[in-house]
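J.: next come a sequence and a model predicted from it.
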Amino acid sequence: MKTHVTIENLIVAYEDKPVLFDIDLTINRGQLIAIVGPNGAGKSTLIKAMINLVIKTTGHVFFDGKTYEDYKKNIAYVPQRNTVDWDFPTTVKDVVLMGRYHELKWYQKPSKTYISEARAALEKVGMLAFENRQISKLSGGQQQRVFLARALFTNASLYLMDEPFQGVDDQTEKAIIDVLRLLKQEKKTVLVVHHDLSTVSEYFDEVILINKRLIAHGNVKDVFTNENIAETFKGTKTRSKIDV
């Protein structure tokens, strides 16, 4: 497999308090990868550091051998839903179109082709019927689907998703995993911060287990073991065992 992302000697600290220690990872193209660990383990920080949303203390991240600044148009980021201002006065369709505004000059309006592609992305997540609705009028699961549609609309090669399944209903969870599998079929690489241990083996090809440091990374069948999970969640009250 071809390497897509390389992380070297990554350390992140907040106010001199280290959050991630010496993370070294090689991520291959075309994989669905879960990032798993307890609260405060640095899962969200890892993907934010990859795209310069938090400052690295040390370390480097390369995408197909390029820096983030040279590769960012090929990356789609889906943040945690609770970090977004959903009261911003805009429609569902406009939220999706924002995913490619960087391709337009300041005076340009989205073309008919852009609008058609945005509507196609909404259709894939079952939200086309809501394209003209204000985002503040949507349920939590519907809002998450809109953000997923925006990520699809970017036509990126790398997708970074922070807890996309958190707080959604079963129908939305199925819609999300269907889209993730579609992205895999298209040879996209998808990293997902994930909290549900029971679905890791069902949903993902690989898993990254972290708790401020890298515990294990590899094929789910090989590294998603009770021993590695226990090490990852050591000292926490989180359920740290899977049924095998």
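T.: Yep, it's here.
J.: remind me which residues of the chain are low pLDDT?
T.: Along the chain, segments meeting pLDDT under 70 span 82-86, 100-108, 237-244.
J.: does residue 39 sit in a helix, a strand or a coil?
T.: Put simply, residue 39 is coil when judged by DSSP: H, G, I helix; E, B strand; the rest coil.
J.: please report how far it lies from residue 96.
T.: Computed as CB to CB, to the nearest Å, the residue 39 to residue 96 distance reads 31 Å. The C-beta positions use only the backbone N, C-alpha and C, and glycine is treated the same way.
J.: with neighbour numbers in mind, choose between the two.
T.: Counting neighbours by other CB atoms under 10 Å for residue 39 and for residue 96 shows that residue 96 has the greater number, 30 against 9.
J.: helix or strand for the more buried one, which one?
T.: Element membership for residue 96, per DSSP states H and E: helix 92-97.
J.: and what of residue 33?
T.: strand 32-36.
J.: for the spatially most central residue of the chain, give me its contacts.
T.: Centroid-nearest residue in the chain: residue 161, 1.3 Å away (criterion: CA atoms, centre = their mean). Residue 161 makes contacts with 77-78, 148, 151, 190-193, as judged by CB atoms under 8 Å, 6 or more residues apart in numbering.
J.: just the element for it, please.
T.: Going by DSSP H and E, residue 161 is in strand 158-162.
J.: between strand 32-36 and that strand, find me the angle.
T.: 30 degrees (axes from the mean of the first three to the mean of the last three CA atoms, to 10 degrees).
J.: right, and the helix or strand after strand 158-162?
T.: Downstream of strand 158-162, the next assigned helix or strand under DSSP H and E is helix 170-185.
J.: residues in contact with the helix or strand following that next one: which ones?
T.: Later in the chain than helix 170-185, the nearest helix or strand by DSSP H and E is strand 189-193. With contact meaning CB under 8 Å, 6+ apart, strand 189-193 is reached by 4-5, 27-35, 43-44, 47, 157-164, 180, 183-184, 204, 208.
J.: how about the helices in this structure?
T.: For the chain, the helices defined by DSSP state H occupy 43-50, 68-71, 92-97, 112-124, 140-153, 170-185, 200-203, 220-223, 226-232.
J.: can I get the fifth one as PDB, trimmed to CA atoms?
T.: Spelled out, it's helix 140-153. Output in PDB follows, covering the C-alpha atoms of helix 140-153 (Å, rounded to 0.1, in the frame of the first residue of the first chain):
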ATOM      1  CA  GLY A 140     -28.300  17.000  15.900                       C
ATOM      2  CA  GLY A 141     -28.200  14.000  13.500                       C
ATOM      3  CA  GLN A 142     -29.300  16.100  10.600                       C
ATOM      4  CA  GLN A 143     -26.600  18.700  11.300                       C
ATOM      5  CA  GLN A 144     -24.000  16.000  11.400                       C
ATOM      6  CA  ARG A 145     -25.200  14.800   8.000                       C
ATOM      7  CA  VAL A 146     -24.900  18.300   6.600                       C
ATOM      8  CA  PHE A 147     -21.200  18.500   7.700                       C
ATOM      9  CA  LEU A 148     -20.600  15.100   6.200                       C
ATOM     10  CA  ALA A 149     -22.100  16.300   2.900                       C
ATOM     11  CA  ARG A 150     -19.900  19.300   3.000                       C
ATOM     12  CA  ALA A 151     -16.900  17.000   3.400                       C
ATOM     13  CA  LEU A 152     -18.000  14.900   0.400                       C
ATOM     14  CA  PHE A 153     -18.500  18.000  -1.700                       C
END
